[in-house]
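**Q** What follows is a predicted protein model with its sequence.
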Amino acid sequence: MRVAIRTLKKAQKFAIDLDDGADVARLKDLVAAELGLASGDDVKLVWKGKLLRNGKVGELGLPAPGDTRFVVAYPKPSTRKKSPVKPLSAKRTRAVISSTEIKNSSNSKQRSVKIAKEEEFDKPRDHQPNTTTNIQTTESKEAKELSRLMEMIVLELRGTPDSGGNGNDRSISIRVLRPISKMFESAATRYLKDPRVHEWIAKGLRSRDAAISGGVSRLLTTCLKNNGKQAATLLFSSREVLRAIIAAICDYDIEVSAPAGLLLSEISSWCNGTLKLFCDDKYVYDAIKEETFSEVRFRILELGAKMAMIAVDGPDDYLASDIFKTVVNIAKRGPSNTDPLAWPNSLEIIGEAMRTAEGFDIVMSSKRLFDVILFDFNGRGEPLSVKNKLTVVHHLALASRRSAQYDWLSELDFVASSSSTSESRIVSAVLQACEDGMKSFDDTTKAMAAHGICLLTTCLKDFLFHKQHELQSGEDEKLSMRTSQKKSPSFQRLHKELTAVADIAAENISGPARVASLVGLAHVFGNEMERPSDKSTESRESKDFGLSDEKNRTISEGLTNDPLEEVWKGLSRRVGMSVISRSIQSPFEDVAGSAYTYLRNAASHLWGLEQIALTPGFIETLLDRHNGAGTSPQASEWRFATLQALAATLKRNARNKEILERLVDKPTQERLLEFVSRGPYWSARAAPQVKVATASRTQ
């Protein structure tokens, strides 16, 4: 029988003849011999994304020559033992430097020119480089320096072939990185114009030594960050270098592929066409096939999505490429028992692709990916579990926030939409998944559901905030929208689940569900300290106190431009600050940390300050540095962040002194500001004093 073999890095194709009863070990030995390796242990074979370790070849269904599929062969990276650094001896003389001083008597300034002659005595004669540099007087200083550094690179080439090689290919020693590094530290853009430099960069990237290939990639990445577009353009102009970078990205060893991926991403952020070149490359096309190793495959798929987000020419080439189509097809097929990580990894990659408005629209509209996943339009047969549906909810909501695309949430507005679109179906399916998760007895599933509900609410908050800013009718219409009682059925379902999340946060228990509920509600409230300042809306909380007494009956009525502020206050009252005051003293660090996160974000709002102030002894507990509400360094930082939020809220509403003093008296405000000014670790203990004993001599 015959088996079709292919290598990705050098695109070699060949067939191996085997006996019918041969095993995998025999196949690896023959492949290693074909590749010029010492033994079968020096090569890894991958078929259908899995390593071939043992078994009979005839039972594995391996492809024959002429088949479109193939077995992928990955040569293992060569490893070299680190040898101790030895001083130079007579056996190896690296350089013999002779100098000749040329003096011009007619000129008052004396000049000296050093002519260097370097010899290498331990290399074979047929590999001995020309060690004499003829310096012409017409050469510029830059040309002399480049010639000298290039000679250093040539001299650092080892004369011994690769282990198991055929004797013609020469490997590059790790010492070759020193002169290259020196070149890039001084004037990289000048050296990158020389084709000889491109040649040695490509050889370094294609080296089988991971230290050399990864080292060259890191050096070039640092070079691009320091020199910018000019250096990136010079690298992009060399197709030899670009092909070597892409070949390194498709390598089996992550020490080779990861630095090369960062390098190509840096180039794509400066040069148009880099992303398209990557997506259309044959190495990449072969590496994303199902036959390749799963880790290598998803490494390349993820790199394409990340490059699309930073590419200077946008994500269009990626979204139209086979790379993105492959990811979408994996997501549509649903979870797989043979490769359980494939489906969640594909969702992660799609989430990266949806960071931009273009990517979000394509996935939601043209691909209709979430319709297929949630409603099983692809005919998987077995529906998704609740956990898997909640995973989809997480990625959808997170992508919506990152790309600021909220049109699909239109059904969650106060007034129900008149038409039932596919986006409305998605909202209904998302809410149903969250409701099913909240009914689960599994604490992890309930935590995922609480997190998903809070993410959806945060998206809705952003959607209403943007919609409110687009209104042109003035403050009266905005106020009427806040106080409107006409809520859509979808919003009522979401509010009901938010109430259930608040009930979990109010329970006196520890576990993932309560921690997720506290942190999720904190994100729903938002931190006013992190909101970008806007002079047009600055001190809006203070200005709204200028309304009539009839509209100002409660302390926190009509304070902010948040259309869901009343909802947040109701949720906070349902949880109760007394429960939070006990939770920050919990011996469980995750519970205490999540309670402090909730408290900090609530304290950044005036309604939160009101609820904290009306809880007996709560502010005194926070101001006591030596109480049981957290004396560890971490707890001290959490408490300090909470008091910072309280101080910022007092400062934003400084014009309303009478109202603030009804909540927090003047001495307590001064103590709070003094606490913040001294930092989280200040101690009132006096510094130790050294006493010096004195003695008098008596006669």
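**A** Cool, got the structure.

**Q** residues contacting Pro259?
**A** 213-214, 217-218, 221, 248 (Cβ atoms under 8 Å, 6 or more residues apart in numbering). From N, CA and C alone the C-beta is placed, and that goes for glycine too.

**Q** and which of the residues you listed is nearest to Thr458?
**A** Sorting these by distance to Thr458 puts Thr221 at the head of the list, at 35.2 Å, by Cβ to Cβ.

**Q** secondary structure class for that closest one?
**A** helix (DSSP: H, G, I helix; E, B strand; the rest coil).

**Q** I figured it hits Leu263, correct?
**A** Yes - under the criterion of Cβ atoms under 8 Å, Thr221 makes contact with Leu263 at 4.8 Å.

**Q** more crowded one of these two?
**A** Leu263 (27 against 18; other Cβ atoms under 10 Å).

**Q** State the pLDDT value of that one.
**A** As predicted, Leu263 sits at a pLDDT of 94.

**Q** any idea which element it lies in?
**A** helix 254-268 (DSSP states H and E).

**Q** Mean confidence (pLDDT) on the following helix or strand past that helix, please.
**A** Going down the chain from helix 254-268, the next helix or strand is helix 274-279, by DSSP H and E. Helix 274-279 comes out with an average pLDDT of 94.

**Q** For helix 274-279, which helices and strands make contact with it?
**A** Packing partners of helix 274-279 (3 or more Cβ pairs under 8 Å, 6 or more residues apart in numbering; DSSP states H and E): helix 239-249, helix 254-268, helix 294-310, helix 316-319.

**Q** next helix or strand past that helix?
**A** Following helix 274-279 in sequence, per DSSP H and E, is helix 282-287.

**Q** Show the average pLDDT along that following helix.
**A** The average pLDDT for helix 282-287 rounds to 90.

**Q** quick one: low-confidence parts of the stretch 1-150 of the chain?
**A** For the stretch 1-150 of the chain, applying pLDDT under 70 flags the ranges 9-11, 77-150.

**Q** Could you do the chain as well?
**A** Looking at the chain by pLDDT under 70, you get 9-11, 77-189, 366-367, 376-382, 411-424, 468-487, 531-563, 627-631, 683-699.

**Q** What residues sit buried inside the longest helix that it contains?
**A** Criterion DSSP state H: the longest helix present in the chain is helix 443-470. For helix 443-470, a neighbour-count test (16 or more other Cβ atoms under 10 Å) marks 445-465 as buried.

**Q** looking at it, Ala73 is touching Ala4, isn't it?
**A** No - using Cβ under 8 Å, Ala73 makes no contact with Ala4, being 10.6 Å away.

**Q** Of those two, which one has the most company?
**A** Ala73 (25 against 18).

**Q** Spell out which helix or strand contains the more buried one, please.
**A** Going by DSSP H and E, Ala73 is in strand 71-75.

**Q** by contact count, what packs against that strand?
**A** Using 3+ Cβ pairs under 8 Å, 6+ apart, strand 71-75 sits against strand 2-6, helix 24-35, strand 43-47.

**Q** list the buried ones in the first one?
**A** Along strand 2-6, the positions that meet the burial threshold by neighbour count (16+ other Cβ under 10 Å) are 3-6.

**Q** before we move on, the earlier item: out of the contacts of Pro259, the closest to Trp200 would be?
**A** Ser213 (12.7 Å).

**Q** Could you provide the contacts of Pro259 in TSV, with additional columns for distance to Ala353?
**A** TSV is the format used below for the contacts of Pro259 (distance: Cβ to Cβ, whole Å):
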residue	distance to Ala353
Ser213	28
Gly214	27
Ser217	24
Arg218	27
Thr221	23
Ala248	24
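
**Q** For Ala399, state which of these is nearest.
**A** Closest approach to Ala399 among the contacts of Pro259 (Cβ to Cβ): Thr221, at 28.1 Å.

**Q** Kindly provide the distance from that closest one to Asp280.
**A** 23 Å (Cβ to Cβ, to the nearest Å).

**Q** From what I see, Val197 and Tyr191 are in contact.
**A** Yes - Val197 lies in contact with Tyr191 (Cβ under 8 Å); the separation is 5.2 Å.

**Q** Identify the residues contacting the residue lying closest to Gly576 once chain neighbours are set aside.
**A** Taking Cβ to Cβ, 6 or more residues apart in numbering, and ignoring the residues beside it in sequence, Gly576 has Ala506 as its nearest neighbour in space, at 6.0 Å. Ala506 makes contact with 574-576, 579 under the criterion Cβ under 8 Å, 6+ apart.

**Q** switch to 10 Å and redo it
**A** Ala506 makes contact with 514, 517-518, 574-576, 578-580, 583, according to Cβ atoms under 10 Å, 6 or more residues apart in numbering.

**Q** Nearest to Tyr598, out of these: which one, please.
**A** Leu518 (4.6 Å).

**Q** Helix, strand, or coil at that closest one?
**A** helix.

**Q** For Gly526, see how far away it is.
**A** Counting by Cβ to Cβ - Leu518 and Gly526 are separated by 15 Å.

**Q** Who has more neighbours out of those two?
**A** Per other Cβ under 10 Å, whichever of Leu518 and Gly526 has more neighbours is Leu518, with 29 against 19.

**Q** just to revisit the earlier point, quick one, which of the helices and strands packed on helix 274-279 is nearest to Leu60?
**A** Closest among the helices and strands packed on helix 274-279, using Cβ to Cβ: helix 294-310, at 16.9 Å.

**Q** Convert the closest one to CSV, retaining C-alpha atoms only.
**A** What follows is helix 294-310, C-alpha atoms only, in CSV (Å, rounded to 0.1, in the frame of the first residue of the first chain):
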residue,chain,number,x,y,z
SER,A,294,-5.8,20.9,15.7
GLU,A,295,-3.5,23.1,17.8
VAL,A,296,-1.7,24.5,14.7
ARG,A,297,-5.0,24.9,12.9
PHE,A,298,-6.7,27.0,15.5
ARG,A,299,-3.6,29.0,16.2
ILE,A,300,-3.7,30.2,12.6
LEU,A,301,-7.5,30.8,12.6
GLU,A,302,-7.2,32.9,15.7
LEU,A,303,-4.3,34.9,14.3
GLY,A,304,-6.3,35.8,11.2
ALA,A,305,-9.1,37.2,13.4
LYS,A,306,-6.7,39.3,15.5
MET,A,307,-4.9,40.6,12.4
ALA,A,308,-8.3,41.7,10.9
MET,A,309,-8.9,43.9,14.0
ILE,A,310,-5.6,45.9,13.6
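
**Q** for that helix, which positions count as buried?
**A** 294, 296-309.

**Q** CA-only coordinates of stretch 613-625 in PDB, if you can.
**A** Output of stretch 613-625 as PDB, limited to C-alpha atoms (Å, rounded to 0.1, in the frame of the first residue of the first chain):
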ATOM      1  CA  ALA A 613     -25.400  56.600  54.300                       C
ATOM      2  CA  LEU A 614     -28.900  55.300  55.400                       C
ATOM      3  CA  THR A 615     -27.400  52.000  56.500                       C
ATOM      4  CA  PRO A 616     -26.500  52.500  60.200                       C
ATOM      5  CA  GLY A 617     -22.700  52.400  61.000                       C
ATOM      6  CA  PHE A 618     -21.700  51.500  57.400                       C
ATOM      7  CA  ILE A 619     -19.500  54.500  56.700                       C
ATOM      8  CA  GLU A 620     -18.000  54.200  60.200                       C
ATOM      9  CA  THR A 621     -17.100  50.700  59.400                       C
ATOM     10  CA  LEU A 622     -15.400  51.700  56.200                       C
ATOM     11  CA  LEU A 623     -13.400  54.500  57.900                       C
ATOM     12  CA  ASP A 624     -12.100  52.200  60.600                       C
ATOM     13  CA  ARG A 625      -8.700  51.000  59.300                       C
END
